[in-house]
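Undergrad: I would like the atomic coordinates for the input below:
(one chain, ligands or ions: 1)
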Amino acid sequence: MKPVVFKFDPEFTHDVFTWIGEMSGRIGIVKWAMRKLFVYENEIISQDVLGVKYKNPVGLAGGFDKDAKLTQVLGSVGFGFNEIGAVTAKAYGGNAKPRLKRYIKTKSIWVNYGLKNKGAKAVHEDLKKMLDAGRKFEIPLWINVAKTNCSATADQAYAVEDYSETVRVFSDMVDVFVINISCPNTFGGQPFHKPEQLEALLSGLDKVKTETSFKQPYFLKLSPELSEAALDSILKICDQHQVDGLVISNLSKKKNMERMHESERVGVPEHGSLSGKYVEPDSDRVLEYVGRKVKKGECKKYVIVGVGGIFTAEDAYKKIRFGASLVELITGMIFEGPQVMSEINEGLAELLKKDGFKHISEAVGVDL
Ligand SMILES: Cc1cc2nc3c(=O)[nH]c(=O)nc-3n(C[C@H](O)[C@H](O)[C@H](O)COP(=O)(O)O)c2cc1C
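TA: Predicted coordinates:
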């Protein structure tokens with residue numbers, strides 16, 4: 001199907017596939033057939049992470065299921081967990097179109113959505129209605145929380161409250177909060193990487209946790225472009241707050257034409273960001289650096305989630321050996337198709353066995 005599907009505009013294709021996924025999730029027999037086709041299960045890759053059970057380590061990264069339409073179907077196509085969002089406190093229609101472009105030979109997607117979503121309360125209400133109707137989440141549900149893309153959230157105190165509001169709204173529903181401090185396509189850039197601002201945000205989020213007394217962990221999502229000094233300072237701040245995990249990494253904002261296939265170097269927009277194989281080297285660099293610090297005990301024992309350029313079991317395995325307990329993807333699924341999750345899971349089980357591991361947890365960080 002790929003040659004035909006890739007003739008259509010990427011955002012249109014995404015919307016059509018989201019609709020098909022949403023409809024399929026409502027029909028039991030379709031889900032059963034999908035499970036038969038797509039799901040690979042094996043104890044060697046199932047694990048308990050911070051009290052949540054994952055049948056496999058491969059999740060859908062934040063940004064694909066923006067308005068949480070796919071919670072009923074992703075388990076049936078082989079995902080181990082689903083990160084909805086980014087969700088922001090207020091709804092936002094997104095940046096001007098076009099905001100997606102495929103770079104097929106580079107195996108990357110150019111993204112300039114700008115945090116389009118229905119807003120926290122509306123997304124929560126849709127999910128609540130679904131649960132009230134007797135449906136369940138089949139796989140762990142994560143939420144990617146960002147600040148509303150508007151000029152008001154360029155103000156630090158306003159932005160902290162904006163993040164906090166979304167966390168409050170979803171505190172009765174999700175398993176993990178991914179705090180997205182690295183969205184590159186928003187008003188005011190990426191302010192929460194700076195130490196004083198990150199300190200203010202994490203203090204605000206600690207307060208929400210105390211006020212509402214929920215137990216779900218906060219994971220922080222990092223940019224792939226952080227220097228070692230910036231990472232040291234971020235980890236030092238996280239150590240003082242209730243952060244339990246790190247998602248490494250977001251999209252790449254910097255444009256380096258040498259990373260693009262030679263036939264795709266002309267016309268790459270200066271704004272927007274790139275995913276897939278383009279971001280993989282930087283994601284891996286940050287992952288390896290942070291993984292090493294965690295392993296050496298130079299910071300808290302964070303759960304690490306590896307994301308960026310995963311297309312195969314070997315790609316996922318490399319991130320696990322660099323310290324990731326879980327991995328996520330979007331671009332790999334778009335380019336390779338919905339069977340890729342089970343291929344990765346089956347391949348991971350084989351790679352682990354080949355290397356003499358009895359369980360995935362034994363391989364986490366072995367290359368550091
Ligand atoms: C279409 C698209 C939309 C995205 N939107 C978000 C988002 O809203 N929040 C976020 O944290 N990351 C977002 N990302 C980044 C992904 O979650 C992921 O970090 C990045 O794409 C690298 O993974 P990949 O190479 O498997 O795509 C988006 C990526 C894509 C391709």
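Undergrad: ok so residue 328 is a helix residue?
TA: No: inclusion of residue 328 in a helix is not indicated when DSSP: H, G, I helix; E, B strand; the rest coil is applied; the result is strand.
Undergrad: quick check: it touching residue 83?
TA: Yes: under the criterion of C-beta atoms under 8 Å, residue 328 makes contact with residue 83 at 6.6 Å. Glycine gets a C-beta too; all of them are placed from N, C-alpha and C.
Undergrad: what touches both of these two?
TA: Counting by C-beta atoms under 8 Å, 6 or more residues apart in numbering, the common neighbours of residue 328 and residue 83 are 59, 60, 61, 62.
Undergrad: which of the residues you listed come close to the ligand?
TA: Filtering these for neighbours of the ligand using C-beta under 6 Å from any ligand atom leaves 61, 62.
Undergrad: now, which of the shared contacts of residue 328 and residue 83 sits nearest residue 305?
TA: residue 59 (7.6 Å; C-beta to C-beta).
Undergrad: tally of neighbours for the closest one?
TA: 25 (other C-beta atoms under 10 Å).
Undergrad: which residue comes closest to it once chain neighbours are left out?
TA: Excluding the flanking residues, the one nearest residue 59 by C-beta to C-beta, 6 or more residues apart in numbering is residue 81, at 4.0 Å.
Undergrad: specify the local secondary structure of residue 234.
TA: Residue 234 is classified as helix under three-state DSSP.
Undergrad: ok, residue 176 touching residue 217?
TA: Yes: counting by C-beta under 8 Å, residue 176 touches residue 217, with 5.7 Å between them.
Undergrad: between those two, what contacts are shared?
TA: 50, 245.
Undergrad: the two - which one has more neighbours?
TA: Each of residue 176 and residue 217 has its neighbours counted (other C-beta under 10 Å); residue 176 has more, 25 against 21.
Undergrad: quick check: pLDDT value at the more buried one.
TA: Here, the pLDDT recorded for residue 176 equals 98.
Undergrad: phi, psi for it please.
TA: phi -140, psi 140 (degrees, to the nearest 10).
Undergrad: and the spatially closest residue to it that is not a sequence neighbour, which of the three is it?
TA: Among residues not flanking residue 176 along the chain, residue 142 sits closest, at 4.3 Å (C-beta to C-beta, 6+ apart). Recorded secondary structure, residue 142: strand (three-state DSSP).
Undergrad: please apply the same query to residue 31.
TA: Criterion first, three-state DSSP; result for residue 31: helix.
Undergrad: wait, doesn't residue 164 sit right on residue 206?
TA: No: with contact defined as C-beta under 8 Å, residue 164 does not reach residue 206; the gap is 10.2 Å.
Undergrad: between the two, which one's more packed in?
TA: For the pair residue 164 and residue 206, the greater number of neighbours falls to residue 164 (20 against 15), based on other C-beta under 10 Å.
Undergrad: just the element for that one, please.
TA: helix 156-170 (DSSP states H and E).
Undergrad: equivalent analysis for residue 230, please.
TA: helix 228-239.
Undergrad: restrict that helix to CA atoms and write it as CSV.
TA: Listed next in CSV are the C-alpha coordinates belonging to helix 228-239 (Å, rounded to 0.1, in the frame of the first residue of the first chain):
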residue,chain,number,x,y,z
GLU,A,228,26.5,17.6,28.4
ALA,A,229,26.7,20.7,30.6
ALA,A,230,23.0,21.4,30.0
LEU,A,231,22.1,17.7,30.7
ASP,A,232,24.2,17.8,34.0
SER,A,233,22.3,20.8,35.1
ILE,A,234,18.8,19.3,34.2
LEU,A,235,19.6,16.1,36.0
LYS,A,236,20.8,18.0,39.1
ILE,A,237,17.4,19.8,39.2
CYS,A,238,15.4,16.6,38.5
ASP,A,239,17.2,15.0,41.4
